[in-house]
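Everything below, folded, please.
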Amino acid sequence: MTNLPISIIIVGAGFAGLTAAIECHRKGITNILLLERSPSLSPLGDIISFGQNSSRIFNNWGDLRRQLDPIIHKAEEVHFHDSKGRYVTTQSFKEEHLAWGARINGHRGEIHSLVYNYALSLGITIRLGTSISEYFETPDHAGVKTTGGEILAADLVVAAEGVRSKARQLVLGHEDKPLPSGYAVFRTWFPTPPEIYSNPLTKHLVENGDTHHAWIGTDVHFLVASIKNGREISWVCTHADSSDIDESWQFPGKIPEVLDVVKDWDPAVLALVNVTPENRLFDYKLVFRDPLPTFISPESRTILIGDAAHPFLPTSIQGASQAMEDGVVLAVCLSKIRGDKTKLKEAAKVWERIRYDRVHRIQKTGVQTREQWHKADWGAIWKNPESLHLLREAWVLDFDSERDASDRYEQVKEDLEGEGKPSAQGGQ
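Next up is the predicted model:
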């Protein structure tokens, strides 16, 4: 592996930042500093999903894919019900599994811990407990200032710290605040208590291995997944919400508030909510951002990836996958310039062009799925139950971001160069 003389600072050790670090290391960039504001890894979290377009990325990371197998969700179908509990339809994922490969669904904290430890095993430098107060750049470098006053600089800075990244102000030239999306999610994950096994209303969720169920109501949907052969259970409840998210968007959840959202629903749902440990319940307000005009700074030395660039609704089931694709494609683009620092702007612009349309097109699927469920016409659904099924399209899932970026790099570069040339009519 050729060592490419490019230095990179990555801010944020979530899946976007870790993927960017690991993939750049795979491509020969070893001068990487990854900064994370959390002082330690949190074991808490709930379910996270990786489509086949990102699950294939794990296959390139040593023994990691094998390590994931014991902790991921094994169900190959989801059973849909209406809010009263009447069975509607079952969507199977077996055919897409055979055609496109396996999905990876599991506990966010457990999967993140494996990826984090893999990054450390490569020798990637990760500094925890480091918060960023400012981003800056010049024509030949970029950098950050920590809240402790330390100045750090590199050839390229990658901002992967989420929707409130201060790098957005550098990229956009002004501050933009997240807006409430009008929806929130109650989320939880906990060891399956004896009451779920003993209750006739809920024991089917856990007694025969992993299962996946969905209840659909007006402006509310409730998803339940059991995992590790039913020993643990996770549920999420997405609902309309008008709360202010100016200061924070995650709060401790309260069981009575969940019960108020799903009152008069299927008794199985109510029974599950009632045995949920409240200290494992979170109330997560979904934020909205208008699509950005660009993901890169004026000097192309600072790049936004993951939620910092394009926050996804959970109903897209692609937020983590697209964050990982960002990191993979960035590594490919940087490898194409073979360590030539004078071509970093070229690599950044090609990366943005490759990612921009795809990521925004996939973002829209989250809104489409939410409206498909929350505004459901039940008269039409009972005539065509499969209309509730998740849209699973090959252009999203049967996709190799590394190969696509490698194949397209030169053509995209030529297209960008052509756009920058004056026309034959005096540059008009």
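
Ignoring the adjacent residues along the chain, who's closest to residue 316?
Leaving out its chain neighbours, the residue that sits closest to residue 316 by CB to CB, 6 or more residues apart in numbering is residue 366, at 3.1 Å. Bear in mind the C-beta positions are built from the backbone N, C-alpha and C, glycine included.

Secondary structure element holding that neighbour?
helix 344-374 (DSSP states H and E).

And that helix, what's buried?
Buried positions in helix 344-374, judged by neighbour count with 16 or more other CB atoms under 10 Å: 344, 346-356, 358-359, 362-363, 365-366, 369-370, 372-374.

which residues in the stretch 151-300 of the chain form strands?
Using DSSP state E, counting those that start in this stretch, the strands assigned to the stretch 151-300 of the chain run over residues 151-154, 156-159, 179-191, 212-217, 220-227, 232-240, 250-252, 281-288.

Three-state assignment for the residue most central in space within the chain, please.
In the chain, the centroid-proximal residue (CA atoms, centre = their mean) is residue 320; its distance is 2.1 Å. Using DSSP: H, G, I helix; E, B strand; the rest coil, the structure places residue 320 in helix.

Please determine how far the nearest residue to it once chain neighbours are set aside is located from residue 314.
Distances taken as CB to CB, 6+ apart put residue 15 closest to residue 320, at 5.1 Å, once the chain neighbours are dropped. Residue 15 is 14 Å from residue 314, where distance means CB to CB, to the nearest Å.

These two: which has the busier surroundings?
residue 15 (28 against 21; other CB atoms under 10 Å).

My guess is the more buried one contacts residue 323. True?
Yes. At 5.2 Å, residue 15 counts as touching residue 323 under the criterion of CB atoms under 8 Å.

and for those two, which residues touch both?
Residues touching both residue 15 and residue 323 (CB atoms under 8 Å, 6 or more residues apart in numbering) are residue 306.

sorry, back to before: chain center to the helix holding residue 366: distance?
12 Å (CA atoms, centre = their mean, to the nearest Å).

ok, for residue 380, nearest residue in space, not its chain neighbours?
Residue 380 sits nearest to residue 387 (CB to CB, 6+ apart), 6.6 Å away.

what's near enough to touch the one you found?
372, 380, 381.

With pLDDT and distance to residue 24 as added columns, please give the residues you listed in TSV.
Output for these, formatted as TSV (pLDDT from 0 to 100; distance: CB to CB, whole Å):
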residue	pLDDT	distance to residue 24
372	86	38
380	92	48
381	93	46
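
neighbours around residue 398, how many?
The burial count for residue 398: 16, using other CB under 10 Å.

so it makes contact with residue 52?
Yes. The criterion here is CB under 8 Å, and residue 398 meets it with residue 52 at 6.6 Å.

and for those two, which residues touch both?
Common neighbours of residue 398 and residue 52 (CB under 8 Å, 6+ apart) are residue 100.

Name the spans of this structure whose pLDDT lies under the cut-off.
Scanning the chain for pLDDT under 70 picks out 1-2, 43-44, 178, 180, 244-249, 288, 421-428.

what sits up against stretch 171-185?
Contacting residues not belonging to stretch 171-185 are listed as 163-164, 168-169, 236-246, 249, 283-290, 292-298, 302, 304, 311, 313-314, 370 [CB under 8 Å, 6+ apart].

and the residues you listed, which are buried?
163, 168, 236-239, 241, 245, 249, 283-287, 289, 292, 295-297, 302, 304, 311, 313-314, 370.

follow-up on the earlier one: residue 4: which of the strands of the stretch 151-300 of the chain is closest?
strand 156-159 (11.5 Å; CB to CB).

Which elements pack onto the closest one?
Where contact means 3 or more CB pairs under 8 Å, 6 or more residues apart in numbering; DSSP states H and E, strand 156-159 is packed against strand 7-11, strand 132-138, strand 141-146, helix 167-172, strand 302-304.

With respect to residue 417, which of the ones you listed lies nearest?
Comparing the helices and strands packed on strand 156-159 by CB to CB, strand 302-304 comes nearest, at 19.9 Å.

How far away from the center of its chain is that closest one?
On the basis of CA atoms, centre = their mean, strand 302-304 sits 17 Å off its chain's mean C-alpha point.

domain ranges for the protein?
Taking automatic domain parsing as the reference, the chain has its domains at 7-74+97-176+290-420, 181-288.
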